[in-house]
Structure formats: C-alpha cells, structure tokens
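*Asks:* sequence and predicted structure, then a few things I'm wondering about:
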Amino acid sequence: MAGTAASEKGKGDLQVFESEEDLSVSLAKYTADLSEKFIQERGAFTVVLSGGSLIHSLRKLLESPYLESVDWTKWHVSWVDERVVPKNHEDSNYKLAYDGFISKVPIPPGNIYAINDALTAEGAADDYEACLKQLVNNKVVDLSAASGFPKFDLMLLGMGPDGHVASLFPGHPLVNENKRWVTFIKDSPKPPPERITYTFPVINSSASIALVICGSGKADAVHRALGNQENSDLLPVQIVSPEGKLTWFLDKPAASKL
Ligand SMILES: O=C(O)[C@H](O)[C@@H](O)[C@H](O)[C@H](O)COP(=O)(O)O
C-alpha cells in the first residue's frame, strides 16, 4: 500500500506505492472521486490524458465499482499532447487511449476531442486551440480567473525519463510559451517528431494534476524534481505547479532515489 506524505516546499502530495498494480488501484479511486466531485459541482468532468504508460495505469477504472458508478456521460476528454499522425496510426495517443480505455466506457463520442489528423502540426495546433476556445465559450471547460487560461478539472500526466511532460522537453523554447493555449513542435527528441501540446499556462491553471510515474528509468528525474538539491535548470516536470492540487503517484522503482 501507499506511504503517503505531503512533500516539502509546496511540491504537492507524494504517494509511493509498492507496485504499479497498487498505484493503479489508488489512481482509479482518486479519479473516480474527482469525477464525482466535479460533476456535482459543475455538471461536467473535464479530463486531460497524456500518452505513454499512463493509459495502462488507468485500467482499474474499467472495473467494478467504477465502471458502473462513474457518470461517464459527463466526461469530456482531451489530450495534453498528441502526435501528428493519423488517428489509426500506432503512434497516435488517441488510438492508444481509445483502444485501452475510451472504447470500454460510455463517454459520448461528441465529448472526445481528438486532433484533426488531416492538418499540419501548425494547423492542428490552431484547430485544437479553436476547439478549446469553443469549449470555454460553452462553459464545458472553466476559465481560470487568476490566469485567464482554460482550467481543466483533472490532468493525468506522465513524465519521460528526461523529465519532459506533455510535449514540453528540457531545454526546448516551447517550455517558455506563455501566450498560446496549444502549440506545436516539429523536432521532438522523442519520436515521432511532430506533435501538438498544451502549454504550461494551461497545464498550470488546472484544478488538479496527477503526475503518474513508474519504473526505475524515471528515478533520476524524480530525484531531481523532489530531492533537496537546488538546480537552476528546471526540468519541465519541475515547472508543473497547478492552481489547484498536485498529486504524485510513484511506484517504488520511480521513487528509489528519493
Ligand atoms: O506523447 C507522449 O509521448 C506522451 O504523451 C508523453 O507526454 C508521455 O506522457 C511521457 O512521454 C511519458 O511516457 P511514458 O509513461 O510511456 O514513459
């Protein structure tokens, strides 16, 4: 089970699990509880997914009691980042989430916001931002009074071994983007190279963020983010600092250098 501790220096709540299996059990309860809270408060639940291993870690939500108890019809799902490939391509984050999660729950198809895969990276980012503006205008997605950027109810973020989140990579100028809601990258160090991504002002306006990180390959970046040494070059994961609540879900190997 989890060793739970509030981490120092306002870095959020840190939860370390014996295994990825235990982590996925807790992540399901956390997500279902937030779903209930936000649907009660605002009649909708706006969820942002990343790609990668996160989707597998959401599997317990597909089981009892959550499969029946979650009001899936109120979910609105978008992606924090997406690869600019056709939706049926093996590299598509939409395909990964659709095959492993979305196709197994009754979220209305109109509430799933995939990118327009007929466009260039630049065009797809503009189009996704326009879609997000419409969701804000329709009051499906809140607008943060503090930042003026969209405020999602929950972002479920993974982290790469280099400390990247979304498609915001260490040392890349996109990390500093502070005007756009959605932007694009054509030289991603992690393949495929062309992607779109929410920007940090959007990520950091969220009401809640779960950083879901498993495996020893992530231990160095976790140590750099949560350890005590000062470092002037912040990894993207260290820039994650939501208006609301940040919760780290780590398995033991990912937390092994703390
Ligand atoms: O498109 C992507 O690559 C993902 O959206 C990305 O942001 C992911 O969350 C991290 O790279 C971690 O991926 P893993 O959990 O598979 O390491």
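*Replies:* Cool, the structure landed. Numbers count the residues shown, from 1 in each chain.

*Asks:* so where does Ala28 fall, helix or strand?
*Replies:* helix 20-42 (DSSP states H and E).

*Asks:* for that helix, packing partners?
*Replies:* Helices and strands touching helix 20-42, by 3 or more CB pairs under 8 Å, 6 or more residues apart in numbering; DSSP states H and E, are strand 13-17, strand 45-49, helix 54-57, helix 66-69, strand 154-157, strand 208-213, strand 245-251. C-beta: built from backbone N, CA, C; applies to glycine.

*Asks:* with mean neighbour count added, can I get those in TSV?
*Replies:* Formatted as TSV, those follow (neighbours: other CB atoms under 10 Å):
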stretch	mean neighbour count
strand 13-17	20
strand 45-49	24
helix 54-57	20
helix 66-69	13
strand 154-157	24
strand 208-213	24
strand 245-251	22
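
*Asks:* any weak-confidence spans in the stretch 151-258 of the chain?
*Replies:* Within the stretch 151-258 of the chain, no stretch has pLDDT under 70.

*Asks:* need phi/psi at the closest residue to the ligand within it.
*Replies:* As assessed by CB to the nearest ligand atom, the ligand sits closest to Gly158 within the stretch 151-258 of the chain, at 2.8 Å. Note on Gly158: backbone dihedrals following degrees, to the nearest 10 are phi -90, psi 180.

*Asks:* Pro242: what's it in contact with?
*Replies:* Contacts of Pro242 were listed using CB atoms under 8 Å, 6 or more residues apart in numbering, and they are 155, 203-209.

*Asks:* let's go with 6 Å and repeat that
*Replies:* By CB atoms under 6 Å, 6 or more residues apart in numbering, Pro242 lies in contact with 204, 206, 209.

*Asks:* the ligand contacts on this protein?
*Replies:* 50-54, 81, 83, 93, 158-160, 166, 190 (CB under 6 Å from any ligand atom).

*Asks:* which members of those residues are the farthest-apart pair?
*Replies:* Longest distance between any two of the residues of the chain next to the ligand is 17.1 Å, between Arg83 and Met159; criterion CB to CB.

*Asks:* can you pull out the helices in the stretch 51-200 of the chain?
*Replies:* 54-57, 66-69, 93-100, 121-137, 200-203 (DSSP state H, counting those that start in this stretch).

*Asks:* elements contacting the fourth one?
*Replies:* Spelled out, it's helix 121-137. Packing partners of helix 121-137 (3 or more CB pairs under 6 Å, 6 or more residues apart in numbering; DSSP states H and E): strand 182-185, strand 195-198.
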